[in-house]
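Q: no letters, just coordinates:
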């Protein structure tokens, strides 16, 4: 079945540092890929998406490129801010059938940015 | 529209008691999903509804769990004879089928603690 693996362990950075959160996936076919963000006390929000190979999703300074050859969708940001502190989830949707739209999530990465 | 609303936000219950959670989706959304998120893990799919019909249930959903969506509006998730392993955040999300897979709106969740 579909699965998503994110880098383990929380990430702690200083403001303006470069961020990478790794995500690899296993799926049937070529699904869309998502990054969701969960700020403290809030629901998950879609941060960015890519719908096909070599697509680059971007939003709020974050970017991720859909790499079919390495089955990866790593999240990057060139200069993080304190307000980026949150939990980040890589996710992929089931591509068809009765499970269409069902999301499979990675385990999440806690990002803490210090001033 | 105020988004997806979940109540209560927090619930503490004694082992063996029954609990019920409510989710009010965005009014025009025909798809409603329940996910469970345990500490340090990403959300895991439990079940979903298309209007009032429950179309899929995860094997995570033991016979102690039941979900309903009468009239295709709000949904309830009931857990009978709670166990400590049921302690988790229960997330509800809604979407329009035609906006899948990236049209999800998540609620803020109900945090269940079984003591």
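A: Perfect, I can see it now. This one's a predicted model, so the numbers in the text were calculated from it and none came from an experiment.

Q: strands of chain B, residue ranges please.
A: In chain B, the strands defined using DSSP state E lie at B:5-7, B:10-13, B:19-24, B:31-37, B:44-50, B:53-57, B:65-68, B:75-79, B:88-95, B:105-106, B:110-114.

Q: bridging residues for the residue most central in space within chain B?
A: Among the residues of chain B, the one closest to the centroid is residue B:34, at 3.3 Å (C-alpha atoms, centre = their mean). On the basis of DSSP bridges, residue B:34 is bridged to residue B:47, residue B:92.

Q: so residue A:2 makes contact with residue A:31?
A: Yes: between residue A:2 and residue A:31 there is a contact under C-beta atoms under 8 Å: 7.5 Å. In this view, the C-beta of every residue, glycine as well, is placed from N, C-alpha and C.

Q: any common contacting residues for these two?
A: Common neighbours of residue A:2 and residue A:31, using C-beta atoms under 8 Å, 6 or more residues apart in numbering or on different chains, are A:92, A:94.

Q: what's the end-to-end length of stretch A:13-31?
A: Terminal residues of stretch A:13-31 are spaced 31 Å apart (C-alpha to C-alpha, to the nearest Å).

Q: average pLDDT across that stretch?
A: Stretch A:13-31 shows a mean pLDDT of 93.

Q: and that stretch, how far out from the chain's middle?
A: Averaging C-alpha positions (C-alpha atoms, centre = their mean, to the nearest Å) puts stretch A:13-31 5 Å from its chain's average.

Q: in it, which of the residues would be classed as buried?
A: A:13, A:19, A:21-25, A:27, A:31 (16 or more other C-beta atoms under 10 Å in any protein chain shown).

Q: now, which of those sits nearest chain B?
A: Set against chain B, the nearest of the buried residues of stretch A:13-31 by C-beta to the nearest C-beta is residue A:31 (7.9 Å).

Q: was I right to think the closest one contacts residue A:95?
A: Yes: using C-beta under 8 Å, residue A:31 makes contact with residue A:95 at a distance of 4.7 Å.

Q: count of residues packed around the residue lying closest to residue B:32 once chain neighbours are set aside?
A: Take residue B:32 and drop its neighbours on the chain: the residue closest to it by C-beta to C-beta, 6 or more residues apart in numbering or on different chains is residue B:49, 4.6 Å away. The local packing of residue B:49 (other C-beta atoms under 10 Å in any protein chain shown) involves 21 other residues.

Q: ok, residue A:42 next?
A: 13.

Q: how about it, nearest residue that isn't a chain neighbour?
A: Leaving aside its sequence neighbours, residue A:42 sits nearest to residue B:108 (C-beta to C-beta, 6+ apart; 6.0 Å).

Q: now swap in residue B:48 and tell me
A: Among residues not flanking residue B:48 along the chain, residue B:33 sits closest, at 4.5 Å (C-beta to C-beta, 6+ apart).

Q: burial check on the nearest residue to residue B:72 once chain neighbours are set aside, number of neighbours?
A: Nearest non-adjacent residue to residue B:72, counting by C-beta to C-beta, 6+ apart: residue B:51, 3.8 Å away. Using other C-beta under 10 Å, the number of residues around residue B:51 comes to 14.

Q: what's the answer for residue B:36, then?
A: When neighbours are defined as other C-beta under 10 Å, residue B:36 has 21 of them.

Q: show me what contacts it?
A: Contacts of residue B:36 by C-beta under 8 Å, 6+ apart are B:43-44, B:46, B:60, B:88-91.

Q: ok, residue B:57 touching residue B:47?
A: Yes: Residue B:57 is within contact range of residue B:47, at 4.7 Å (criterion: C-beta under 8 Å).
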